[in-house]
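# Here is my input, please return the structure:
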Amino acid sequence: MTITSSMTEGRELFWFNNTLVAIHVSSSKGNDGICVVEHHMPYGDSPPLHVHRREDEVFHILEGSMRFHIDGRELTAGAGETVIAPKGLAHTFLVESSGGARCLTITRGSDFETLLRRMGRPADRPELPPQSAPTPELIAALTRCCTENGIDIVGAPLV
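Below you'll find the predicted structure:
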């Protein structure tokens, strides 16, 4: 699937695991360190359960449906809805819509953006990358990079 030009035009694009990421606003651009990232995620995508130590994570869903697990509670959000995962609370999500989902992820600080840049790879086209299961080496590298950037992996992805 090709992503619309509004997501990709003039943006830095990365493949982060099985997702396409477009950085709309880098944390280095403003005085408050706000970062705005657009994610395009395939059906079934779910990051491991994790905790951000220094930054809230706000999700504004643009397309699709996502089931969130935040601090032991579950909720489902769709296009036009916004969900916040406050710093210090364990959270994850699962993309439930068959066509995948797109959302803006907004954070304050550079932790999440740095993780995306270090663990992502430049996307050579505005499409989802070839889908693959994470290797043990990738999981170990992601866990290390998360820890270095104020994010602790505390559990498994949703299924």
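# need the helix or strand of the protein with the lowest average pLDDT.
Across the helices and strands of the chain, the lowest-confidence element by mean pLDDT, DSSP states H and E is helix 5-8, at a mean of 56.
# What is the subsequent helix or strand relative to that one?
Counting by DSSP states H and E, the next helix or strand C-terminal to helix 5-8 is strand 12-16.
# what's near enough to touch the residue positioned nearest the centre of the chain?
For the chain, His39 is the residue whose C-alpha lies nearest the centre (CA atoms, centre = their mean; 6.0 Å). His39 is in contact with Phe16, Thr19, Leu20, Val21, Ala101, Arg102, Cys103, Leu104, Thr105, counting by CB atoms under 8 Å, 6 or more residues apart in numbering. (Glycine included, C-beta is placed from N, CA and C.)
# ok so the third one is a strand residue?
Yep, that's Leu20 we're talking about. Yes: counting by DSSP: H, G, I helix; E, B strand; the rest coil, Leu20 is found in a strand.
# thought it was touching Asp124?
No: with contact defined as CB atoms under 8 Å, Leu20 does not count as touching Asp124 (11.2 Å).
# who has more neighbours, these two?
Neighbour comparison, Leu20 and Asp124: the larger count goes to Leu20, with 26 against 9 (by other CB atoms under 10 Å).
# what is the more buried one paired to in the beta sheet?
Trp15, His40 (DSSP bridges).
# And the pLDDT for it?
For Leu20, the pLDDT comes out at 98.
# Over to Arg11?
Reported pLDDT for Arg11: 87.
# For Pro122, see how far away the nearest residue to it once chain neighbours are set aside is.
Nearest residue to Arg11, sequence neighbours excluded (CB to CB, 6 or more residues apart in numbering): Ala22, at 4.1 Å. To Pro122, Ala22 is 12 Å away according to CB to CB, to the nearest Å.
# overlap in contacts of the two?
What both Ala22 and Pro122 touch, as defined by CB under 8 Å, 6+ apart, is the set Leu13.
# Looking at those two, which one has more neighbours?
Ala22 (23 against 9).
# ok, that one touching Cys35?
No: here Ala22 does not reach Cys35: they are 12.0 Å apart, not a contact under CB under 8 Å.
# elements contacting the longest helix along the chain?
For the chain, the helix that runs over the most residues, judged by DSSP state H, is helix 136-148. Where contact means 3 or more CB pairs under 8 Å, 6 or more residues apart in numbering; DSSP states H and E, helix 136-148 is packed against helix 111-119, strand 151-153.
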